[in-house]
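A.B. asks: Test case, fold it:
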Amino acid sequence: MIRPGPRNLITDVAGLRVGNAQEDRIKTGATVLLGDRPFTAAVHVMGGAPGTRETDLLAPDKTVQEADALVLSGGSAFGLDAASGVADALRTQGRGFRVGNQTVPIVPGAILFDLINGGDKDWPENPYKRLGSEALGNASDNFALGSHGAGTGALIADLKGGLGSASATWNGYTVGALVAVNALGRVTVGDSRHFWAAPFEMAGEFGGLGPAPSFDPTEVPPLKGGDARNTTIAIVATDAALTQAQATRMAVAAHDGMARAIYPSHTPMDGDLVFAAATGARVLADPVATPLMLGHLAALCLARAIARGVHAATPAPGDPQPCWSARR
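C.D. replies: Numbers count the residues shown, from 1 in each chain. Here you go, the predicted structure:
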């Protein structure tokens, strides 16, 4: 039986914490996933317009196999500096990859485009390094969804986006997802309140409306815009002991959840990306069947997390899009 974890958050994976920081005036923010200790990390990119930091080192053939933290941020290329703030703070804590007498924190990150969302972007100094450090300082087992952290200024085709999370337990394993939803496409069917992810909903976690009663496959879906103003960035995590190659396969499988929840997804104008994190607390019961099931759970959690992020979004002055809660 597959069930949500007790918090229905990625932090149901023991040893992981999440912190948010944001600037409501700018309509942007950053989110950090932190491990109690370094965790196996991997990544897979399917969008055509990604913005990333230190993702090359997450390939299975590279020297470094573990990360200290993962960062999701708004701000487009400016937001990559959020990971620098996290790295600086971790270094003061003595955390990182040891090289001689030096410690280098491993902090991969990804960004979404939220520079045209109604916020005041005329900042005198890039705020993202500070936001990254603040998000790290706020890391906790519990954290807010919707218009918080990296989801603060997120938009989708017809609604506000947001920060979402969900978890699932199965046979003693836990899998969770964390996502900032800023997609080119839609997460609801047509003009309805019904989510594309509705068939995978658990315990009414995003409204309990069920699937849409009808869908016209000949309809061309309206999109947010024709340039790179988008991107859905996510992390899936598990307490299983995975190699970096196995974690990469979990990230690949998780993209199915993105495709189930966003219509369309993985477009040339989205930088759709999934990080994977494995804490290694539980050995694999079966080297073939267990990783397969973990990939399925990752896709399930990510689809649900996407819907939860949009469902939880809240209105703010100057928003160019309404929230899901305002749709009737």
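
A.B. asks: rest of the way, CA atoms for contacts and neighbours
C.D. replies: Will do.

A.B. asks: So what's the residue count around G85?
C.D. replies: Using other C-alpha atoms under 10 Å, the number of residues around G85 comes to 21.

A.B. asks: Pull out the buried residues from the helix or strand containing it.
C.D. replies: Element membership of G85, judged by DSSP states H and E, is helix 81-92. Neighbour counts over helix 81-92 (16 or more other C-alpha atoms under 10 Å) mark D81, A82, A83, S84, G85, V86, A87, D88, A89, L90, R91 as buried.

A.B. asks: all helices of the stretch 1-150 of the chain, in order?
C.D. replies: Under the criterion DSSP state H, counting those that start in this stretch, the stretch 1-150 of the chain carries helices at the ranges 81-92, 128-137.

A.B. asks: Show me the contact partners of the longest one.
C.D. replies: Applying C-alpha atoms under 8 Å, 6 or more residues apart in numbering, the set of residues contacting helix 81-92 from outside is 30, 53, 69-71, 73, 96, 103-109, 128-133, 136.

A.B. asks: Quick one: buried ones out of these?
C.D. replies: Of the members of the contacts of helix 81-92, the ones counted as buried by neighbours, 16+ other C-alpha under 10 Å, are 30, 53, 69-71, 73, 96, 103-109, 128-133, 136.

A.B. asks: helices and strands of the chain: which one bottoms out on pLDDT?
C.D. replies: Comparing helices and strands within the chain by mean pLDDT, DSSP states H and E singles out strand 97-99 as the least confident, with a mean of 86.

A.B. asks: partners of it in the sheet?
C.D. replies: Using DSSP bridges, the neighbouring strands of strand 97-99 in the sheet come out as strand 102-104 (antiparallel).

A.B. asks: Show me the contact partners of the partner strand.
C.D. replies: Residues from elsewhere that reach strand 102-104, judged by C-alpha under 8 Å, 6+ apart: A87, R91, G94, R95, G96, F97, R98.

A.B. asks: Report all helices and strands that the longest strand seen in the chain contacts.
C.D. replies: Using DSSP state E to assign secondary structure, the strand with the most residues in the chain is strand 28-45. Packing partners of strand 28-45 (3 or more C-alpha pairs under 8 Å, 6 or more residues apart in numbering; DSSP states H and E): strand 16-23, strand 66-73, helix 128-137, helix 244-261, strand 273-282.

A.B. asks: what about N8, neighbour count?
C.D. replies: A total of 21 residues lie near N8 under the criterion other C-alpha under 10 Å.

A.B. asks: Adding distance to P264, write the buried residues of helix 81-92 out as TSV.
C.D. replies: Shown next, in TSV, are the buried residues of helix 81-92 (distance: C-alpha to C-alpha, whole Å):
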residue	distance to P264
D81	29
A82	29
A83	29
S84	32
G85	34
V86	33
A87	35
D88	38
A89	38
L90	38
R91	40
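
A.B. asks: follow-up on the earlier one: got the buried residues for the longest strand of the chain?
C.D. replies: Neighbour counts using 16+ other C-alpha under 10 Å place 28-35, 38-45 of strand 28-45 among the buried residues.

A.B. asks: show me where pLDDT drops low in the stretch 151-300 of the chain?
C.D. replies: 225-228 (pLDDT under 70).

A.B. asks: surely A247 meets A278?
C.D. replies: Yes: the pair A247 and A278 passes the contact test of C-alpha atoms under 8 Å, sitting 6.9 Å apart.
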